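Chemist: How does the following fold in three dimensions:
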Amino acid sequence: MTIDFIPDPSLYPFESRWFDSSRGRVHYIDEGDGPPILFCHGNPTWSFLYRDIIVALRDRFRCIAPDYLGFGLSERPAGFGYKIDEHARIVGEFVDHLGLDGFVTMGQDWGGPVGMAVAVERADRVRGVVLGNTWFWPTDVLTTKIFSRVMSSPPMQYAILKRNFFVEQLIPAGTARRLSPAVLEHYRAVQPNAEARKGVAEMPKQILAARPLLERLSREVPAKLGSKPALFVWGMKDFAFRPGPSLPHMRAAFPDHVLVELPSAKHFIQEDAPDEIAAAILDRFS
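Modeler: Have a look, this model is predicted:
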């Protein structure tokens, strides 16, 4: 299925572009000139999440942000499984299609594992890494495992698919600043019905189900990308990716790192601290 929604150009001042991947039509934005940055979103968001960061950076960087299949304005193709390794394969096709070289990759939430899976396969073309409130190893945090199991249960799958639970409840809970009705509508409108939300419903299952991929990334990210310059932008009020358990993994994988703490930001750091994130990227990679 396709999504019939036109973003408000005052909120999302970008030209929509399309890539016909091997599994379906991918929507993306490609703004500005300069060194390329690939922005990878998480659940239940889309390229809209990065809008303020892209506006701040597009004078100095080429800013590229795809919507995964099943998210944003991208297609919901029949027979697609929406598993993390499948998303990574499609984003990898997209990166190769654009011929990106010398690119920085940024990932938050599931954008971390997706971006890292793409990057380890193309390490010679990666210039640097930006990670925030994410991970790329099998989770050993009990609350995260419980979250995955609860969200995978029939009642919560019903809530996600029929009541848009992730957009209606978890986005407001995961942002420190109150989002405007217009901004929330841009998350809601691209998930109009249960069929459109299959990708959102699959991702919490993948926290445990994607263990083989995460085990591989826990080895390959330090081995293949560990020498790259890294930037960590961390929302310190995030309950999902608390700095205590998360940052030691990050520091160990990337010795050449800069950490920028976002003291009041929660999970959706791009909504809570876009200016600080853009400034940190400029400092580190311009």
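Chemist: which residue ranges form the strands in the stretch 101-250 of the chain?
Modeler: 103-109, 126-134, 230-235 (DSSP state E, counting those that start in this stretch).
Chemist: Turn the ones you listed into a markdown table, including mean neighbour count.
Modeler: Placement of C-beta: from N, CA and C, glycine included. Listed next are those as a markdown table, based on neighbours: other C-beta atoms under 10 Å:
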| stretch | mean neighbour count |
| --- | --- |
| strand 103-109 | 26 |
| strand 126-134 | 25 |
| strand 230-235 | 24 |
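Chemist: Looking at those strands, which is nearest to Met1?
Modeler: For Met1, the closest of the strands of the stretch 101-250 of the chain is strand 103-109, at 23.8 Å, according to C-beta to C-beta.
Chemist: The closest one pairs with which strands, and in what direction?
Modeler: Here strand 103-109 is paired, per DSSP bridges, with strand 36-40 (parallel), strand 126-134 (parallel).
Chemist: How about residues contacting the longest one?
Modeler: Just to be clear, that refers to strand 126-134. Judged by C-beta atoms under 8 Å, 6 or more residues apart in numbering, the contacts made with strand 126-134 from elsewhere in the structure are 35, 37, 42, 102-113, 115-116, 119, 225, 228-235, 238, 240-241, 246, 250, 254, 262, 267, 269, 277, 281, 284-285.
Chemist: so that strand versus strand 230-235, what angle?
Modeler: Inter-element angle recorded for strand 126-134 and strand 230-235: 20 degrees (by axes from the mean of the first three to the mean of the last three C-alpha atoms, to 10 degrees).
Chemist: those helices in the stretch 51-200 of the chain, which residues are they?
Modeler: Assigned helices in the stretch 51-200 of the chain, in chain order: 51-57, 84-98, 111-120, 142-152, 154-163, 165, 171-173, 181-188, 198-209 (criterion: DSSP state H, counting those that start in this stretch).
Chemist: Among those helices, show me which one is buried the most.
Modeler: Here the criterion is mean neighbour count by mean count of other C-beta atoms under 10 Å, and of the helices of the stretch 51-200 of the chain the winner is helix 111-120, at a mean of 27.
Chemist: from the chain's centre, how far out does that helix sit?
Modeler: For helix 111-120, the separation from the chain centroid amounts to 9 Å (computed by C-alpha atoms, centre = their mean, to the nearest Å).
Chemist: Now do the phi/psi pair for the residue nearest the centre of the chain.
Modeler: When the chain is reduced to its mean C-alpha position, the closest residue under C-alpha atoms, centre = their mean turns out to be His41, at 2.0 Å. Dihedral angles phi and psi of His41 (degrees, to the nearest 10) take the values phi -90, psi 170.
Chemist: ok, now how distant is it from Ile146?
Modeler: Here the distance between His41 and Ile146 works out to 24 Å (C-beta to C-beta, to the nearest Å).
Chemist: okay, the strands paired with strand 103-109 in a markdown table with distance to Val150 and mean pLDDT next?
Modeler: Formatted as a markdown table, these follow (distance: least, C-beta to C-beta, whole Å; pLDDT from 0 to 100):
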| stretch | distance to Val150 | mean pLDDT |
| --- | --- | --- |
| strand 36-40 | 25 | 99 |
| strand 126-134 | 20 | 98 |
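Chemist: got those strands as CSV, with distance to Cys63 columns?
Modeler: Shown next, in CSV, are the strands paired with strand 103-109 (distance: least, C-beta to C-beta, whole Å):
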stretch, distance to Cys63
strand 36-40, 6
strand 126-134, 12
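Chemist: what does stretch 145-165 contact?
Modeler: When contacts are taken as C-beta under 8 Å, 6+ apart, the neighbours of stretch 145-165 outside the stretch itself are 139, 166, 188, 191, 194, 197-198, 200-201, 204-205, 207-208, 240.
Chemist: Nearest to Arg25 among these?
Modeler: Taking C-beta to C-beta as the measure, Lys198 is the one of those closest to Arg25, at 16.0 Å.
Chemist: tell me the contacts of the closest one?
Modeler: Shown in contact with Lys198 (C-beta under 8 Å, 6+ apart): Gly70, Arg76, Tyr82, Leu161.
Chemist: Where neighbours are concerned, which of those residues has the most?
Modeler: Greatest neighbour count in the contacts of Lys198, by other C-beta atoms under 10 Å, goes to Gly70: 28 neighbours.
Chemist: Appreciated, that's everything.
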